[in-house]
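[1] When you get a sec, could you give me coordinates for this:
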Amino acid sequence: MPSYDYRCEADQQVYEVSHSMSQRLGTWGELCEMLGMTPGEIDPASKVTRLISGGGVVKSSALKNPEAPPCMTGGGCSGGGCGI
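    A predicted model of the protein is given here:
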């Protein structure tokens, strides 16, 4: 399940939560529910904003074939259509 960063507009803090891609949180109360925490002194109706993130980064050492394809190293792809 992907994780997303949300900023609470009331306290400007950023919180990370995992949920399905189709789900979107809009309030502090919804975010607290997903995180399993109480809203505290912040109004549960306070707005939260989902932040844009850079996505996951995979180290080349984790791949089965860590070398770049020939087209990315100047060699050209066989058949001319690797899609990169």
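[2] what residue ranges in the chain score low on pLDDT?
    Scanning the chain for pLDDT under 70 picks out the ranges 54-84.
[3] where along it do the strands fall?
    3-8, 14-18, 48-50 (DSSP state E).
[4] With distance to residue 32 and mean neighbour count added, can I get those strands in a markdown table?
    C-beta coordinates here come from the backbone N, C-alpha and C atoms, glycine included. Formatted as a markdown table, the strands of the chain follow (distance: least, CB to CB, whole Å; neighbours: other CB atoms under 10 Å):
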| stretch | distance to residue 32 | mean neighbour count |
| --- | --- | --- |
| strand 3-8 | 9 | 16 |
| strand 14-18 | 9 | 14 |
| strand 48-50 | 10 | 16 |
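[5] I'd like those strands laid out as CSV, including distance to residue 30.
    Compiled in CSV, the strands of the chain are given as follows (distance: least, CB to CB, whole Å):
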stretch, distance to residue 30
strand 3-8, 9
strand 14-18, 10
strand 48-50, 7
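[6] Indicate which one of these is closest to residue 33.
    Nearest to residue 33 among these is strand 14-18 (9.8 Å), distances taken as CB to CB.
[7] tell me which strands and helices the closest one is in contact with?
    Secondary-structure packing of strand 14-18 (3 or more CB pairs under 8 Å, 6 or more residues apart in numbering; DSSP states H and E): strand 3-8, helix 28-35.
[8] Out of the ones you listed, which is closest to residue 21?
    Ranked by CB to CB, the member of these that lies closest to residue 21 is strand 3-8, at 9.2 Å.
[9] which other residues reach that closest one?
    By CB atoms under 8 Å, 6 or more residues apart in numbering, the surrounding residues in contact with strand 3-8 are 13-19, 25, 28, 31, 42, 46, 48-51, 53.
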